[in-house]
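> Sequence first, then the predicted structure:
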Amino acid sequence: MQKSQISRYNRLPYRLTRRLEKTASLIFKLALLFVFLFPFYWMIITAFKTYTESILFPPTLWPKTFTIASFVEVFSKMNLWHYLKNSLIITFSVITIQTLVTVPAAYAFARYEFKGKKIMWALVMLAFMVPNQITFITVYIMMARLRLLSTLLPQILPFGANAFGIFMLRQNFKQIPEEIVEAARLDNAGEIKIMCKVMLPMAKSNIITVTLFSFVTFWNSYFWPLVMTDNDKVRPLTLAIERMKDAELGLNWPTLMAGNTILMVPILIIFVLLAKKIFASMGYRGVK
Amino acid sequence: MTLRKGMQMKLKLRKRRTKAEKAAFQPEYSGLSRQNRLYPYLMTGPAIGFLLVFVFYPMANMVRLSFYDYNLVSKAKPIGFENYRTLFFVRDDFRKALGNTAIYTIGVVFFLILFAVLLALWLDPDSFMNRLLQKAMFTPHLVAMLSVAYIWSWLFDVEAGLLNAAIQFVRLSPLRWLNDATLAIWCIVLVSVWKSLGYYLIIVLSSLRAIPSEIFEAADLDNTPKLRKFFRITLPMISPQLFLMLITITISSFKVFDAVHVMTDGGPGNATDVIVTYIHRYAFRMNMKVGYASAAGTVLMVILMIATFFYFRMIGNKVHYQ
């Protein structure tokens, strides 16, 4: 049975089979593209529909009445600017502190031998394995005791050191050839000068990627603010969007989708601008 | 006795001296002069400090609290292993949450690695379409899980959702998706796989491209069949990456929260309750049972440690390192 199938397959002209293969492959690829892009299309298109049209059956693939009412509602009803400001303050504080703390640490782990290095590195690796979802209860208690829950600090301080960033940048610093450092030393450059003027520029693109991923993580973060905040004064944008669901009677999908579209815009802009850089750096990730 | 002490002192002294001598004669690795020895500590100090205060202290404190009856208001009362006994033997909702997390983890690990490898093999040739696809598939990885969960909840919506509309269009009976006790967890698996497939695809792709082409050329000279080439060359060569993926996906699956909390909040009933939603519920909603929630957190921590150890031990031996 199998044999006959093979021979029949062989009887088809070579060019035809090639073309068939190509068309099939293209069809599957288009289907895949559809699977990954359509949900975003649906989100945006729903945001521009009226509420009554959004729950219509059968659903309309293009809004009959194109309205920006949902966006207006998001901006007017929930003081979007306030939440946006919180999100921006948190995100930028975190990435600033992280860069200042992570880069020197990674550099020291990559370039110096010192007493206790092994133990300290083990701590970093262990911290890499411990997720926030384990430590949140006791960090919450700590922040409550320090009366910091009404400030933005509980959302910033716990992320001062980024274990993953240290891990990744250390690899990067290690790849820089020792000869370059030796050459700088021969020119009587001090340690600090070597670090700032020689090593940092060489690791620049990877530092940018780590920062970028941190930005995305903290802009999108949901779990941590959810457990660390107890009033609207300190809530970021993600929580505001989640609370739109509670505020409405029933689910108003157009408004919810409009909120999510707004949340997504900065991320998509970054991605479009820096797609090449992100993909280039991905090669480093997880490489031994 | 005193003589002995004296001898020991002498020995210690000699040891110290030899160490100092060694240091003096050996060229120092990093060329740090003596007064610069502090640099590494100044540079790693802040990072280690942050980790100690915000990772290790809370972790230790959680383990300690798991042996107490504590609800933030009252005074903590030590009760030994009572919390753990309740967790495993008195209530059955924690076992349910553990089971759900296990199903979710197995589903996500299996489908992510399978699809990532298959798609990477398929989308490896450099062409416009393939690059476009990689970008499109990577996009969900950058988008907030909150948004992804809302988009899919909207698609899954029982009354007005698009999926049910499509099902009814082809004259089948609509599904209850997230409201269906058996289907809900798989919907969440689907959403998680959809979100991170692009990311792992890129990782597999970059490791595929790191394989030296001479190996394949040699295999081609021997007329090696495609399937054998895959199992004998490709798979062993990318196994370190797959191994790393296995660990990271497992760890991230055990701590799943956002998707579940937004899409089902553990429901219907507790059909999609996972460990972290369980901990969160007991710590912040049900009378702040912090001690009890800490016990659940400790269990999660132990599971993660075992998973990491197990992977490093069992699979580490079989993985081919370059």
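Thanks, I have the structure now.
> Confirm that B:Ile211 sits in a helix.
No: secondary structure of B:Ile211 (DSSP: H, G, I helix; E, B strand; the rest coil): coil, not part of a helix.
> Please report how far it lies from B:Asn71.
For B:Ile211, the distance to B:Asn71 equals 56 Å [CB to CB, to the nearest Å]. Glycine gets a C-beta too; all of them are placed from N, C-alpha and C.
> hmm, who's touching stretch A:252-269?
If you take CB atoms under 8 Å, 6 or more residues apart in numbering or on different chains as the criterion, stretch A:252-269 is touched by A:43-44, A:46-51, A:54-55, A:69-71, A:73-74, A:80, A:216, A:219-220, A:237-238, A:240-241, A:244-245, A:248, B:139, B:142-144, B:146-147, B:150-151, B:154, B:157, B:160.
> and if you look at stretch B:130-142?
A:29, A:32-33, A:36-37, A:40, A:216, A:267-268, A:270-271, A:275, A:278-279, B:119, B:123-124, B:148, B:194-199, B:201-202, B:205.
> Please spell out the ChimeraX selection for the buried subset of those.
Applying 16 or more other CB atoms under 10 Å in any protein chain shown to these, the buried members can be selected in ChimeraX as follows:
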select /A:29,32,36,37,40,216,267,270,271,278,279 /B:119,123,148,194,195,196,197,198,199,201,202,205
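> Among the contacts of stretch B:130-142, which lie within helices?
Of the positions in the contacts of stretch B:130-142, A:29, A:32-33, A:36-37, A:40, A:216, A:267-268, A:270-271, A:275, A:278-279, B:119, B:148, B:194-199, B:201-202, B:205 sit in helices, assigned by DSSP state H.
> just to revisit the earlier point, tell me which of the contacts of stretch A:252-269 fall in helices.
Per DSSP H, the subset of the contacts of stretch A:252-269 in helices is A:43-44, A:46-47, A:51, A:54, A:69-71, A:73-74, A:80, A:216, A:219-220, A:237-238, A:240-241, A:244-245, B:139, B:142, B:146-147, B:150-151, B:154.
> Tell me which helix or strand A:Ala127 sits in.
Counting by DSSP states H and E, the element that carries A:Ala127 is helix A:117-129.
> Which residues are in contact with the residue sitting nearest the centre point of chain A?
Residue closest to the mean C-alpha point of chain A, counted by CA atoms, centre = their mean, is A:Val216 at 3.2 Å. For A:Val216, the contact set (CB under 8 Å, 6+ apart) comprises A:Ile267, A:Ile270, B:Leu142.
> Of those residues, which is the nearest to B:Val63?
Ranked by distance to B:Val63 (CB to CB), the contacts of A:Val216 are led by B:Leu142 at 35.0 Å.
> residues near that closest one, how many?
Residues near B:Leu142, counting by other CB atoms under 10 Å in any protein chain shown, number 21.
> Now the element after the helix holding A:Ala127, going C-ward?
helix A:132-145.
> Can you point out the buried residues in that following helix?
Here helix A:132-145 shows A:Asn132, A:Gln133, A:Ile134, A:Thr135, A:Phe136, A:Ile137, A:Thr138, A:Val139, A:Tyr140, A:Ile141, A:Met142, A:Met143 as buried, counting by 16+ other CB under 10 Å.
> Report the entries of the residues you listed that also contact chain B.
Taking CB under 8 Å from any CB of the partner chain, the overlap between the buried residues of helix A:132-145 and the neighbourhood of chain B is A:Asn132, A:Gln133, A:Ile134, A:Thr135, A:Phe136, A:Ile137, A:Thr138, A:Val139, A:Tyr140, A:Ile141, A:Met142.
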